[in-house]
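[1] Okay, sequence plus prediction incoming.
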Amino acid sequence: MRLIDTHNHLDFPDFDADRGEVLTNCRALGVERMVVLGVYQANWQRLWELVSREDGLYAAFGLHPVYLDQHRPEHLHELRRWLERLAGQPKLCAVGEFGLDYYLETLDRERQQALFEAQLELAAEFALPALLHVRRSHAVVIATLKRFKLKRGGIIHAFAGSVEEAKEYLKLGFKLGLGGAASWPQALRLRKVVAALPVEAIVLETDAPDMAPAMHPNQRNSPEYLPQICAALAELKKISPDELARASTDNARALFGW
């Protein structure tokens, strides 16, 4: 089984004590590539140093809406400079993580929207996929994406929308990132949606160290768990884990141009 974790935060301090061991285990388990996403300006350098020294790791840089109050106008300019400096580097694979978060009511929606659109413009300008955080904001995100019409699409991270919303994203060239959330038996609605999605829509992810799957409750999530997540989602779809692994890996390779 060959797998790609399309969304994690392996650069976070949660992995400082055993990051090398985690990577060794992942390779032994068939997790051959990972996308590590930047979320604020202060972690971009650390992230780039990590992916530069490790085979199979790739970087995306973005300004996450949850950290809205940390972001400054100059950080957008710096994001552009990072993308300009690394243009053509194979280790740079996307812009992200960015998007809209309407779950946290303290986050100003107008400021979020302005930051969202500015980063969509960068994704379009540099012809990179957009890796999007979308929480309780699907209608606005879909409407915005219809205006921007990104040529390379991207991924809706931790997709938890409806089948109808999934269809809209697919028409816009986006894949749907699925991880451990659907492995929880109580996630009834999400499990039904996952079962109904075509495999052509799916890429696998962990969001490590967050969003641990049901088989590892109350633990640090890890890209080591991706094979188990694949198996749990395959069971929902009534296909083999190998079939889902092949489809999701092919989808990720096509999206990132690997």
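    Arrived safely.

[2] Can you mark which positions in the longest strand along the chain are buried?
    In the chain, assigned by DSSP state E, the strand with the most residues is strand 92-101. Using 16 or more other Cβ atoms under 10 Å as the burial criterion, the residues of strand 92-101 that qualify are 92-101. Where C-beta positions appear, they are placed from N, C-alpha and C, glycine not excepted.

[3] again with stretch 193-205
    Applying a neighbour-count criterion of 16+ other Cβ under 10 Å, one finds 193-194, 197, 201-205 buried in stretch 193-205.

[4] What about those, which are in strands?
    If you go by DSSP E, the buried residues of stretch 193-205 have 202-204 in strands.

[5] Out of those, which is nearest to Gly180?
    Leu204 (10.1 Å; Cβ to Cβ).

[6] Got phi/psi on Gly161?
    Backbone torsions of Gly161, given as degrees, to the nearest 10, read phi -90, psi -160.

[7] What's the local residue count around the spatially closest residue to it that is not a sequence neighbour?
    In space, Gly161 comes closest to His138 once its chain neighbours are excluded; the distance is 4.7 Å by Cβ to Cβ, 6 or more residues apart in numbering. The number of residues packed around His138, counting by other Cβ atoms under 10 Å, is 21.

[8] And His138, how far from Asn221?
    His138 is 24 Å from Asn221, where distance means Cβ to Cβ, to the nearest Å.

[9] try Glu117
    Distance, Glu117 to Asn221, using Cβ to Cβ: 30 Å.

[10] rewinding a little: could I get the buried residues of stretch 193-205 as JSON lines with distance to Thr6 and pLDDT?
    Listed next are those as JSON lines, based on distance: Cβ to Cβ, whole Å; pLDDT from 0 to 100:
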{"residue": "Val193", "distance to Thr6": "18", "pLDDT": "98"}
{"residue": "Val194", "distance to Thr6": "16", "pLDDT": "98"}
{"residue": "Leu197", "distance to Thr6": "15", "pLDDT": "98"}
{"residue": "Ala201", "distance to Thr6": "13", "pLDDT": "98"}
{"residue": "Ile202", "distance to Thr6": "10", "pLDDT": "98"}
{"residue": "Val203", "distance to Thr6": "5", "pLDDT": "99"}
{"residue": "Leu204", "distance to Thr6": "7", "pLDDT": "99"}
{"residue": "Glu205", "distance to Thr6": "5", "pLDDT": "99"}
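
[11] Glu117 and Asn221 - which one has more neighbours?
    Applying other Cβ under 10 Å to Glu117 and Asn221 shows that Asn221 carries more neighbours, namely 22 against 13.

[12] Could you verify my assumption that the more buried one touches Met215?
    No. Contact status for Asn221 versus Met215: not in contact, 10.9 Å apart, counting by Cβ atoms under 8 Å.

[13] Report how many residues lie close to the closest residue to Leu145 other than its chain neighbours.
    If you skip the residues right next to it in sequence, Leu145 has Leu172 as its closest partner in space, 5.0 Å away by Cβ to Cβ, 6+ apart. For Leu172, the count of nearby residues is 17 (other Cβ under 10 Å).
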